[in-house]
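**Student:** Show me how the following folds:
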Amino acid sequence: ILDCCANTYYYHYLMSTDNLLHIPHRGQDLILIPASDVSFLTSNITVQNNQDLQSALPYALEEQLIENVDELHFSWVIDPQSADIHVLVIKHQIMQALFEQYSDQNSILLPDVLVLPIASNQWCVVIEGERALVRTNIYEGFECKKRQLGQQLELYLRDHSVPKKIYYWCQSVDDTKWLPETIKPIAHINHFKNFENWMSKNAMPAQNLNSFSGPYAIKQARQFTSIHWLPALVLIVLTLVIHFAYSWYQIIHYESRQQQLLDQSHRIFSETFPH
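**Tutor:** Sure thing, here's the model as predicted:
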């Protein structure tokens, strides 16, 4: 069973690591890449386990991608409510550069739109520079030029329901002119001064989703304490005790046996050559 869809009209693969945003969030390091450099795909392919999914998913989505699947990295999460598989696709060369740059075990790599604040049946639209970032669901969103915001929202709404509320954030009053007049309701218009600071305070990263996965998974460093070593130490001590006890027993046994043989040889000699 396969049912995949993609909003290909705003997908690109041009990216520089200079465009990354690195923010701390609740003990984690969020590495945010522009959403325009990531493909957002959805599938409901049915497989038995994660290993099968990892093998089958790239080829199930192959027709929707302009790149060879062997050149792409796929990360995904299964929506617990709909059972849909939400997939993020990034080029291997980008992932390799990011993987070499970030090695902290708490690093989470996500497109920036999947970190915008979100709530049920509510969208978040943010104007940052020349970009418009739109998050429409926990695992869905897109980026476009702010001048194209109205057009892109209308295209998106062809396949999606109008939300109950849209929260609109921008840096200046001039940016309010990019509000789409034909799309309602926009509930709140808010302003922020610094995008990075605003993201740090309002970040709501998509749960259980991290592009640092599969071949790019950052290994967790284990913190060993004495209690972790205790079972091994007990086993080693017990092994040594048993070894030395058994060795001592063998020595005593052989000495006793040697004395018995010596006594027996003396008795035989005495019986053979009596005085």
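
**Student:** Buried by neighbour count: which residues of stretch 105-119 qualify?
**Tutor:** 107, 108, 109, 110, 111, 112, 113, 114, 115, 116, 117, 118 (16 or more other C-beta atoms under 10 Å). The C-beta positions use only the backbone N, C-alpha and C, and glycine is treated the same way.

**Student:** Residue 264: which of the residues you listed is nearest?
**Tutor:** When these are ranked by distance to residue 264 (C-beta to C-beta), residue 107 comes first, at 77.4 Å.

**Student:** how about the nearest residue to that closest one, chain neighbours excluded?
**Tutor:** Leaving out its chain neighbours, the residue that sits closest to residue 107 by C-beta to C-beta, 6 or more residues apart in numbering is residue 29, at 4.7 Å.

**Student:** ok, the one you found to residue 250 distance?
**Tutor:** 59 Å (C-beta to C-beta, to the nearest Å).

**Student:** got the phi/psi numbers for the nearest residue to residue 90 once chain neighbours are set aside?
**Tutor:** Closest residue to residue 90 apart from its sequence neighbours, by C-beta to C-beta, 6+ apart: residue 73 at 5.1 Å. Note on residue 73: its backbone torsions stand at phi -110, psi 130 [degrees, to the nearest 10].

**Student:** For residue 73, list the residues it contacts.
**Tutor:** Listed by C-beta atoms under 8 Å, 6 or more residues apart in numbering, the contact set of residue 73 reads 89, 90, 91, 92, 95, 211, 214, 215, 216.

**Student:** and it, how far is that from residue 194?
**Tutor:** Taking C-beta to C-beta, one finds residue 73 at 31 Å from residue 194.

**Student:** got it, and residue 232?
**Tutor:** Where residue 194 is concerned, residue 232 sits at a distance of 51 Å (C-beta to C-beta).

**Student:** part of a strand, is residue 104?
**Tutor:** No. Assessed with DSSP: H, G, I helix; E, B strand; the rest coil, residue 104 is coil; it does not lie in a strand.

**Student:** who are the neighbours in contact with it?
**Tutor:** Counting by C-beta under 8 Å, 6+ apart, residue 104 touches 29, 218.

**Student:** in this structure, what spans have low per-residue confidence?
**Tutor:** 1-18, 220-229, 273-275 (pLDDT under 70).

**Student:** Name the SS class of the residue most central in space within it, please.
**Tutor:** Central residue of the chain (C-alpha atoms, centre = their mean): residue 210, 2.7 Å from the mean position. The local conformation at residue 210, judged by three-state DSSP, is coil.
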